[in-house]
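Dropping the sequence and predicted coords here.
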Amino acid sequence: MTASIEVDHVAKRFRIYHERNQTLKSAVMRRRRAVFEEFWALDDVSFEIPQGGTFGLIGDNGSGKSTLLKTIAKILTPDRGSIRVNGRVAALLEVGSGFHPELSGRENVRLNGAILGMSRSEIDRKFDEIVDFAGVEQFIDQPVKNYSSGMYVRLGFAIAINVDPEILLVDEVLAVGDAAFQEKCAEKFLDFKRDGRTVVVVSHSLPSLQNMCDDVAWLSHGKLVETGPAPGILDRYQESTRADAHHGADGSSHWGSGEAQIHSVELLSGREPVSRPLNTGDELTIRVHFTAHQRVDRPVFGLAMESHDGVHLWANNTRDTNRPLDHIEGPGTIDCTVPSLALQAGSFRVDAAITDSSTTHVFDYLRDGAEFSVARRPHEEMGGLVSLRGAWGEPAPSAPYAAPVVTAARAEGETEPA
């Protein structure tokens, strides 16, 4: 099978500076001292991505997934090795990348489409399709700075797929989309596969990768662990992460630039710490303990919840719930209260994050900040993770059922028969 992408002994190095020279004198005084260390985000990575399928990149935070995707997209240049890409590439790597926040959605479609190589006539022809796929018809003439993270991603993805790329690169940004949008994306990936095109996706959602991917590559600390068919590698990766957690390895539990830090996530039922399994319908307060090591203007606090096997259930942040914050400085706490927990029996994990106002720059992300369980009820609904508490009515008489008559729409220009 022809390879869409060939990664050949690729290595990528970054310099991590411990201190910056503020004056010429300090530069001269320190010229013999190393004020930085080298960090190899990728180290001798080689594999091929076959044409006409969906390929996943997996690994813990800091494993090199996003760096590799940016290197494939030619945003970064490898320090060693080479990457051969056989086809036209479109990339969706960050929420809002390529968008101007002060411009409207309509203007950004035209701007972003032009950046990606679409002609004006091509943008005009595909404009309605882009807006319809993104589901932002009502807001297309509003500045995108007022869009939620989900709207940003939907619009960016809709533009990227309408460039008609032979290779589509997608980073974790799809995680901010709702379930309906993720299903539309999965259908589009299947269309790409049928057309012989290739999708490369980075995600922490193992169930999503299990459903979407034919093959995956597993990275750890910049090195390739293995590559091959998705089911077996995803199972081995999940077993590895569970083993690390059991042995208390927390090297990848925190990541971010560090201006603000999350110390812990506390779960409260009423005013008391959660010390027993919760019940469906209980109130749950999630309290984030943090310290801002410097003044941080317009921060965004976010939470995400998933089941013990990695199914993404819920995400919420202070920006998208119309609770903008002015600034934080020093130690503090912030609460998010779920008035009625709509979960059925199971074990669940909570992640927490602090970002800038755009949610693209992460000050701190704490994975698995808290865990809790929900007890099984005597008359629990049949299966599933959520309880929608549907209420049944009584049977009522009706007229005999008649199936609706479906008639084919007449082709444009077709005339009535004589």
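Okay, I see it. Numbering: from 1, shown residues only.

for the stretch 151-300 of the chain, what spans make up the strands?
Secondary structure of the stretch 151-300 of the chain by DSSP state E, counting those that start in this stretch: the strands cover 167-170, 198-202, 215-220, 223-229, 254-255, 260-269, 272-273, 284-297, 300-307.

May I ask which helix or strand of this protein has the lowest mean pLDDT?
helix 24-29 (a mean of 54; mean pLDDT, DSSP states H and E).

For the stretch 301-418 of the chain, which segments count as strands?
312-317, 327-338, 346-355, 362-374.

between these, which gets nearest to Ile161?
strand 312-317 (21.7 Å; CB to CB). C-beta: built from backbone N, CA, C; applies to glycine.

chain center to that closest one: distance?
11 Å (CA atoms, centre = their mean, to the nearest Å).

Let me see the residues that make contact with that strand.
149, 175-176, 205, 207-208, 300-307, 336, 343, 348, 353, 355, 359, 385-386 (CB atoms under 8 Å, 6 or more residues apart in numbering).

same thing but at 10 Å, please
For strand 312-317, the external contacting residues (CB atoms under 10 Å, 6 or more residues apart in numbering) are 148-150, 175-176, 178-179, 182, 203-208, 286, 300-307, 323, 336, 338, 342-343, 346, 348-351, 353-355, 359, 385-386.

quick one: it to strand 284-297, angle?
40 degrees (axes from the mean of the first three to the mean of the last three CA atoms, to 10 degrees).

Using neighbour counts, pick out the buried residues of stretch 333-345.
334, 336, 338, 341-344 (16 or more other CB atoms under 10 Å).

which one of the strands of the stretch 151-300 of the chain lies closest to Gly369?
Here strand 260-269 is closest among the strands of the stretch 151-300 of the chain (CB to CB), at 3.3 Å.

Quickly run through the sheet partners of that closest one, with directions.
strand 272-273 (antiparallel), strand 284-297 (antiparallel) (DSSP bridges).

For Lys193, which of those strands is the nearest?
Taking the strands paired with strand 260-269 one by one with CB to CB, strand 284-297 is closest: 38.9 Å.

Next, the angle from the closest one to strand 327-338.
Using the same axes, to 10 degrees, strand 284-297 lies at 160 degrees relative to strand 327-338.

C-alpha coordinates for strand 284-297, CSV please?
Extracted C-alpha coordinates of strand 284-297, given in CSV (Å, rounded to 0.1, in the frame of the first residue of the first chain):
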residue,chain,number,x,y,z
LEU,A,284,-21.7,17.8,43.6
THR,A,285,-19.3,20.7,44.2
ILE,A,286,-15.9,20.5,42.5
ARG,A,287,-13.4,22.9,44.2
VAL,A,288,-10.1,23.8,42.6
HIS,A,289,-7.3,24.9,44.9
PHE,A,290,-4.8,27.0,43.0
THR,A,291,-2.0,29.6,43.2
ALA,A,292,-1.3,32.3,40.7
HIS,A,293,2.4,33.0,41.0
GLN,A,294,1.9,36.3,39.2
ARG,A,295,-1.1,38.4,38.2
VAL,A,296,-3.0,36.5,35.5
ASP,A,297,-5.6,38.6,33.7
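
quick one, that strand and strand 346-355 angle?
Using the same axes, to 10 degrees: strand 284-297 against strand 346-355 is 10 degrees.

need the contact list for Asp44.
8-11, 80-81, 222-224.

Identify the residues contacting Pro339.
With CB under 10 Å, 6+ apart, Pro339 has these contacts: 281-285.

one step back: kindly reformat the buried residues of stretch 333-345 as JSON lines containing pLDDT and distance to Arg15.
Output for the buried residues of stretch 333-345, formatted as JSON lines (pLDDT from 0 to 100; distance: CB to CB, whole Å):
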{"residue": "Ile334", "pLDDT": "96", "distance to Arg15": "35"}
{"residue": "Cys336", "pLDDT": "94", "distance to Arg15": "38"}
{"residue": "Val338", "pLDDT": "93", "distance to Arg15": "43"}
{"residue": "Leu341", "pLDDT": "90", "distance to Arg15": "46"}
{"residue": "Ala342", "pLDDT": "90", "distance to Arg15": "47"}
{"residue": "Leu343", "pLDDT": "90", "distance to Arg15": "45"}
{"residue": "Gln344", "pLDDT": "85", "distance to Arg15": "49"}
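
I'd like to know how many residues surround Leu385.
15 (other CB atoms under 10 Å).

Ok, the one 5 residues further on next?
Taking other CB under 10 Å as the criterion, the count of residues near Gly390 is 6.

how far away is it from Gly384?
11 Å (CB to CB, to the nearest Å).

quick revisit: starting at the chain centroid, how far to whichever helix or strand comes after the least confident helix or strand of the chain?
As assigned by DSSP states H and E, the chain's next helix or strand after helix 24-29 is strand 36-50. Its chain's C-alpha centre and that of strand 36-50 lie 22 Å apart, by CA atoms, centre = their mean.

For the helix or strand following strand 36-50, which strands pair with it and how are they oriented?
Remark: after strand 36-50, the chain's next helix or strand is strand 54-58, criterion DSSP H and E. Take DSSP bridges as the rule and strand 54-58 pairs in its sheet with strand 198-202 (parallel), strand 215-220 (parallel).

I'd like the mean pLDDT over stretch 386-405, please.
Average pLDDT, stretch 386-405: 81.

quick revisit: narrow the contacts of strand 312-317 to those that are buried.
148-150, 175-176, 182, 203-206, 208, 286, 300-306, 336, 338, 342-343, 346, 348-351, 353-355, 359.
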